[in-house]
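Participant: when you get a sec, could you give me coordinates for this:
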Amino acid sequence: MPRQIPYIIASEGCERFSFYGMRNILTPFLTTSLLLYLPAAEREGSAKAVFHTFVIGVYFFPLLGGWLADRFFGKYRTILWFSLVYCAGHACLALFEDNRTGFFLGLFLIALGSGGIKPVVASFVGDQFDQRTKHLAKLVFDGFYWIINFGSFFASLLMPILLRDLGPSVAFGVPGILMFIATAVLWLGRKHYVMLPPAPPNPHSFVRVARTALGARLPAGGRPGLALAVLGAVLGAGALALAPLLGLVPAFCLALVLLLALAGTGTALQLERARGTHPDAAVDGVRAVLRVLIIFALVTPFWSLFDQKASTWVLQANVMAKPSWFEPAQMQALNPALVMILIPFNNLVLYPALRRGGWEPTPLRKMTAGIALSGAAWIVVGALQLVIDGGSTIAITWQILPYALLTLGEVLVSATGLEFAYSQAPLAMKGVIMSFWNLSVTFGNLWVLLVNAGVKNEAVTSGIQATGVSVTAFQMFFFAGFAFAAAVAFGFYARRYRSADHYRAA
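Facilitator: Sure thing, here's the model as predicted:
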């Protein structure tokens with residue numbers, strides 16, 4: 001095992017404590033403190049909007065971090081500098097607990113810092129391995145994910161108590177101290193890391209090959225791919241015009257979805273026209289990346305379900321029966337606790353048993369099952385909500401089952417997808433491809449905001465109420481169906497996908 005790995009793993013554990021420590025108390029803090037100026041009926045909806053907008057930012061800024069690391073500064077310096085921004089964000093949360101402008105500035109800085117390092121840390125881990133040691137990388141990526149949840153577990157248990165007993169300054173200040181420690185630990189290992197230099201300007205880069213393909217005419221004289229890309233830009237501009245209705249962040253993300261989807265499809269249609277101008281390897285690389293992005297797109301429904309455990313599920317827990325000493329947000333500690341159990345269980349027991357039975361648990365098969373399990377979790381949560389809506393008191397322990405299903409789905413999708421994304425990325429695009437993997441989380445949270453905006457429409461609300469089901473329960477079953485449909489589509493596409501191996505040579 002490379003000797004530098006412990007520095008990265010320890011730093012990641014502290015960083016994850018800091019991130020989940022503040023994230024897991026964000027919704028309770030917003031509903032009980034910062035948003036008290038709103039009417040009581042609007043606080044929960046506004047808190048969910050703030051939370052998911054913040055998560056969108058966290059998983060959007062990886063695009064910036066990945067690009068800066070790949071093209072200019074290298075991975076280590078990018079991680080170090082964004083970590084300092086991250087620390088400043090935590091300081092703002094602790095200092096401006098009763099000032100909305102200062103607090104939201106802190107959320108922005110954390111989104112920028114956390115998002116900026118997110119794809120770079122994962123690809124930096126991969127850089128420490130080569131073809132000779134890549135079999136260890138699969139174990140380290142699981143260990144990497146395990147330490148993430150180790151930090152998350154203790155943060156989920158402790159931060160709600162600190163918020164309740166010592167107030168928001170301490171509750172948001174402790175994660176800031178952990179982030180400073182994470183930065184210091186990363187710096188201490190600087191002499192041991194494998195530091196690959198940024199890629200030099202490449203005349204056959206992904207963007208240049210795509211631009212050549214879109215600009216080339218087909219034998220019949222037309223450029224249908226370019227027309228699709230232009231249509232994506234036009235529709236994206238139209239989506240931005242919806243900002244007064246949807247909000248600026250959802251409108252921007254929707255515009256990005258439309259542009260990427262149609263420009264990517266257009267590039268695929270005309271990609272063969274780039275041969276001759278660019279070498280075959282570059283053209284084939286672009287096609288491989290476009291195919292990987294389809295995988296990422298089909299994962300987005302999973303994230304729309306997963307991230308609501310820190311918003312929708314916490315709000316449900318608020319009205320469930322529980323001991324007086326137990327804070328609803330502490331229920332989230334069950335997720336990382338189960339992750340720490342399931343990762344070794346899967347690797348040591350479940351996967352070997354499946355192989356002995358003649359079924360190979362490939363990454364794409366695992367991810368298909370994980371998306372479906374998330375849908376099953378939301379069927380259970382929806383059933384619990386029906387009981388609550390019927391006026392019955394139900395114990396918070398009933399949430400253990402959906403947490404178990406969702407966490408198993410998370411291990412199969414997220415931990416697997418992290419290593420899969422790295423292995424599929426060409427060497428010059430590790431950071432950017434990992435950024436697109438993180439962008440799938442942004443789009444998953446976008447679906448949440450769009451659904452929440454949709455149910456605010458009076459006609460939609462009336463239609464839901466006519467079914468005899470509450471809006472909350474309807475949304476839960478809607479997201480379950482969304483996940484099941486995504487699992488079917490993912491499984492169908494996965495059967496035709498040919499995996500690549502882009503670890504560096506020994």
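
Participant: quick one: least confident helix or strand in this structure?
Facilitator: Counting by mean pLDDT, DSSP states H and E, the weakest-scoring helix or strand in the chain turns out to be helix 416-424, with a mean of 76.

Participant: for Arg291, give its distance to Thr368.
Facilitator: Separation of Arg291 from Thr368 (C-beta to C-beta, to the nearest Å): 16 Å. Where C-beta positions appear, they are placed from N, C-alpha and C, glycine not excepted.

Participant: at the geometric centre of the chain, which residue do we find?
Facilitator: Val441 (3.2 Å; C-alpha atoms, centre = their mean).

Participant: touching, it and Tyr59? I think so.
Facilitator: Yes - taking C-beta atoms under 8 Å as the contact criterion, Val441 and Tyr59 are neighbours in contact, 3.8 Å apart.

Participant: re earlier: contact partners for the residue nearest to the centre of the chain?
Facilitator: By C-beta atoms under 8 Å, 6 or more residues apart in numbering, Val441 lies in contact with Val55, Val58, Tyr59, Thr300, Trp303, Asp307.

Participant: pull the most distant pair out of these.
Facilitator: Val58 and Thr300 (15.0 Å; C-beta to C-beta).

Participant: secondary structure class for the nearest residue to Val411 once chain neighbours are set aside?
Facilitator: Sequence neighbours aside, Leu342 is the residue nearest to Val411 in space, at 4.8 Å (criterion: C-beta to C-beta, 6 or more residues apart in numbering). Using DSSP: H, G, I helix; E, B strand; the rest coil, the structure places Leu342 in helix.

Participant: ok, back up a step: and Val58 and Thr300? Which one has more around it.
Facilitator: Taking other C-beta atoms under 10 Å, Val58 and Thr300 do not tie; Val58 has more neighbours (25 against 20).

Participant: what comes up buried for the lengthiest helix in the chain?
Facilitator: Under DSSP state H, the helix in the chain containing the largest number of residues is helix 134-166. Using 16 or more other C-beta atoms under 10 Å as the test for burial, helix 134-166 gives 134, 137, 140-163.

Participant: now swap in stretch 320-336 and tell me
Facilitator: Result for stretch 320-336 [16+ other C-beta under 10 Å]: buried residues Met320, Lys322, Glu327, Pro328, Ala329, Gln330, Met331, Gln332, Ala333, Leu334, Asn335, Pro336.

Participant: likewise stretch 72-88?
Facilitator: If you call a residue buried by 16+ other C-beta under 10 Å, then stretch 72-88 has these buried ones: 73-79, 81-83, 85-88.

Participant: re the thing from before, report the distance from the longest helix of the chain to the chain centre.
Facilitator: A distance of 15 Å separates the centroid of the chain from that of helix 134-166, by C-alpha atoms, centre = their mean, to the nearest Å.

Participant: show the pLDDT at Leu408.
Facilitator: Confidence per residue is given as pLDDT, and for Leu408 that number is 94.

Participant: ignore what I typed, I meant Thr368.
Facilitator: Per-residue confidence for Thr368 comes out at a pLDDT of 95.

Participant: for burial, what's the neighbour tally of it?
Facilitator: With other C-beta under 10 Å as criterion, Thr368 counts 24.

Participant: now do Ala182
Facilitator: Here the count is done by other C-beta under 10 Å, and Ala182 has 26 residues near it.

Participant: how close does it get to Arg498?
Facilitator: 38 Å.

Participant: now do Ala210
Facilitator: Between Ala210 and Arg498 the distance, using C-beta to C-beta, works out to 21 Å.

Participant: nearest to Phe108, of the contacts of Val441?
Facilitator: The closest of the contacts of Val441 to Phe108 turns out to be Val58 (C-beta to C-beta; 10.4 Å).

Participant: contacting residues around the closest residue to Gly57 other than its chain neighbours?
Facilitator: Nearest residue to Gly57 in three dimensions, chain neighbours excluded: Ala111, at 3.3 Å (C-beta to C-beta, 6+ apart). With contact taken as C-beta under 8 Å, 6+ apart, Ala111 is in contact with Phe54, Gly57, Val58, Phe60, Phe61, Gly89.

Participant: could you dump those to JSON lines with pLDDT?
Facilitator: Converted to JSON lines, the contacts of Ala111 look like this (pLDDT from 0 to 100):
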{"residue": "Phe54", "pLDDT": "92"}
{"residue": "Gly57", "pLDDT": "89"}
{"residue": "Val58", "pLDDT": "90"}
{"residue": "Phe60", "pLDDT": "88"}
{"residue": "Phe61", "pLDDT": "89"}
{"residue": "Gly89", "pLDDT": "96"}
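
Participant: drop anything exposed from those.
Facilitator: Among the contacts of Ala111, the ones that count as buried by 16+ other C-beta under 10 Å are Phe54, Gly57, Val58, Phe60, Phe61, Gly89.
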